[in-house]
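Engineer: Need coordinates for the following:
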Amino acid sequence: MSFTARSINLLYHLKKLIIRFYGVLFPASFIAVILISVGYLLSEVTESKEVSRPQDIIWKSCKPYIVLPVISVLRYILSIPKITKLMLQYGIPLEDSHSLLDQAIWSPFLPVILYLIAFGTSYLQTTLFYYIFKLTATVTAKLFSWVPNSVFTVGFILEIAIGVVGVIISSIYCGVIGLILIYILITFNVLRSFHIYHTSKKKEDEKCLNSLFFLLLLILWNILLNLPFMVVWFKNLSYSSSLGYDPSRIPCSVLSLASLIYILIQPKYSLSSGTRKFVFFGVTFYLTAVFVVLYCFTSVYRLSYIITIVVTNSVIFSSINEFIARRRLRNSVKVLKNSKDFSKMDSSNNMSEHLESSDIEMLITRISNLSILDEDISESFSKSMNL
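Structural biologist: The predicted structure is shown next:
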């Protein structure tokens with residue numbers, strides 16, 4: 001056997017050994033990178049600077065020196081014998097380096113190597129996905145530019161129907177199958193968000209696009225983690241249409257419902273208006289990513305639940321803030337419309353004589369920044385301005 005053939009054979013067996021012993025450790029680092037990116041995206045909403053592309057967010061927020069020192073310090077603290085003894089006494093699980101040490105495959109440099117691989121691969125993957133979606137959205141927009149707007153109304157109803165079917169399938173038959181339907185819906189929404197952003201060039205549209213993009217990546221990872229259960233479901237179809245024991249059912253069905261709600265609401269005004277609550281919420285994503293690296297290397301089953309909890313909490317938080325923001329805007333329009341002096345104004349009079357110009361400018365700015373206003377809000381504002 002030649003030297004080249006022996007080298008290829010050695011690399012092949014080395015790859016098999018790496019996958020066998022360390023393959024299960026990779027998902028935690030990948031998901032940690034995505035969680036930190038989402039946290040950075042949420043923390044960025046209070047800033048006036050321009051929002052970055054998804055790959056740029058990963059490059060800015062997930063550099064190793066931002067994450068690994070914190071993880072190393074916490075791992076050292078948790079490995080102190082007294083703290084370990086207290087954790088065992090109160091039933092708190094030990095972090096995953098203990099189980100890897102028992103298997104004789106642990107090294108202090110292992111988290112660094114895995115995180116560097118995850119960071120580089122996630123950056124390349126996100127860049128590739130970004131340009132594929134951008135190209136697809138551009139081509140699709142040109143091909144279907146002749147389609148009337150009434151078709152999109154029917155498409156929205158169809159989108160709701162498919163989403164509800166996906167949630168039902170996840171809850172009754174197989175969790176992953178329903179989640180795949182939701183994944184397809186989010187893919188179409190990402191394409192639509194690309195078209196909207198490149199048409200409007202508005203900051204809030206780019207933030208909406210980024211949030212959908214990272215949601216897509218989290219759901220993709222959840223599908224990959226639970227894919228074995230779908231294989232079992234396919235093999236079990238000849239006996240039953242429902243998988244009797246499906247550990248993915250609860251996390252996938254909850255994640256499907258939360259993702260469907262986010263698709264329908266698509267909070268945009270609450271992101272563009274900016275609030276300090278988002279900064280705090282972004283920090284929780286960072287802490288969750290640290291927890292993932294510490295406790296989900298070997299305990300991969302925890303990742304699916306963590307993704308579900310994180311996405312569900314994000315949807316609830318964003319929905320509440322969107323509802324509050326829209327309600328405030330409605331009240332502002334109502335106050336402007338029902339103003340006593342405003343109703344008595346002659347059409348030739350200037351509005352600034354009766355209302356403070358700063359208030360009017362603030363209201364107009366808030367309304368112009370919100371490109372997805374309900375029709376009744378925009379109509380009320382238009383009528384008020386034309387009185």
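Engineer: from here on, contacts and neighbour counts on C-alpha atoms
Structural biologist: OK.
Engineer: so who does V167 touch?
Structural biologist: G178, L179, S253, S256, L257 (CA atoms under 8 Å, 6 or more residues apart in numbering).
Engineer: Grab the nearest non-local neighbour of the third one.
Structural biologist: Put plainly, it is S253. Excluding the flanking residues, the one nearest S253 by CA to CA, 6 or more residues apart in numbering is S170, at 4.8 Å.
Engineer: got a list of what that neighbour touches?
Structural biologist: Contacts of S170 (CA under 8 Å, 6+ apart): V176, I177, G178, L179, R249, C252, S253, S256.
Engineer: how close does the fifth one sit to I180?
Structural biologist: Okay, so that is R249. Distance from R249 to I180, counting by CA to CA, to the nearest Å: 13 Å.
Engineer: Please say which of these two ends up with more neighbours.
Structural biologist: Neighbour count, other CA atoms under 10 Å: between R249 and I180, R249 has more, with 24 against 19.
Engineer: Just the pLDDT for that one.
Structural biologist: At R249, the predicted lDDT confidence score is 89.
Engineer: In this structure, where's the longest helix?
Structural biologist: helix 301-337 (DSSP state H).
Engineer: Can I get stretch 59-67 in PDB? Just the C-alpha atoms.
Structural biologist: In PDB, the C-alpha atoms belonging to stretch 59-67 read as follows (Å, rounded to 0.1, in the frame of the first residue of the first chain):
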ATOM      1  CA  TRP A  59     -18.900  37.400  14.100                       C
ATOM      2  CA  LYS A  60     -19.400  40.300  16.500                       C
ATOM      3  CA  SER A  61     -21.100  38.500  19.400                       C
ATOM      4  CA  CYS A  62     -19.700  35.000  19.500                       C
ATOM      5  CA  LYS A  63     -15.900  35.400  19.500                       C
ATOM      6  CA  PRO A  64     -14.200  32.900  21.800                       C
ATOM      7  CA  TYR A  65     -12.800  35.400  24.200                       C
ATOM      8  CA  ILE A  66     -16.300  36.700  24.900                       C
ATOM      9  CA  VAL A  67     -17.600  33.300  26.000                       C
END
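Engineer: what comes up buried for that stretch?
Structural biologist: Buried residues in stretch 59-67, defined by neighbour count with 16 or more other CA atoms under 10 Å: W59, S61, C62, V67.
Engineer: now stretch 315-329
Structural biologist: In stretch 315-329, counting by 16+ other CA under 10 Å, buried: V315, S318, S319, N321, E322, A325, R326, L329.
Engineer: Return the closest of the residues you listed with respect to I71.
Structural biologist: V315 (27.5 Å; CA to CA).
Engineer: which non-adjacent residue is nearest the closest one?
Structural biologist: Counting by CA to CA, 6+ apart, the residue nearest V315 is Y262, at 5.9 Å.
Engineer: likewise N210?
Structural biologist: P54 (6.0 Å).
Engineer: what's the answer for F297, then?
Structural biologist: Using CA to CA, 6+ apart, the closest residue to F297 is L25 (4.7 Å).
Engineer: go on, K63?
Structural biologist: The nearest residue in space to K63 (CA to CA, 6+ apart) is F119, at 7.5 Å.
Engineer: tell me which element the one you found falls in.
Structural biologist: If you go by DSSP states H and E, F119 is part of helix 110-143.
Engineer: so after that helix, what's the next helix or strand?
Structural biologist: helix 149-172.
Engineer: Per-residue pLDDT of the residue lying closest to R75 once chain neighbours are set aside, please?
Structural biologist: What sits nearest to R75 in space, not counting adjacent residues and going by CA to CA, 6+ apart, is L294, at 7.3 Å. pLDDT recorded at L294 is 89.
Engineer: For L294, which residues are in contact?
Structural biologist: With CA under 8 Å, 6+ apart, L294 has these contacts: I71, R75, E95, D96, S97.
Engineer: my guess is the last one meets W106, correct?
Structural biologist: Pointing back at S97 there. Yes. Using CA atoms under 8 Å, S97 makes contact with W106 at a distance of 6.6 Å.
Engineer: Look at those two and report which has more neighbours.
Structural biologist: S97 (21 against 16).
Engineer: Number of residues surrounding S29?
Structural biologist: 27.
Engineer: Buried ones in the helix or strand hosting it, by neighbour count?
Structural biologist: Using DSSP H and E, S29 maps to helix 26-43. Across helix 26-43, burial judged by 16+ other CA under 10 Å covers 26-43.
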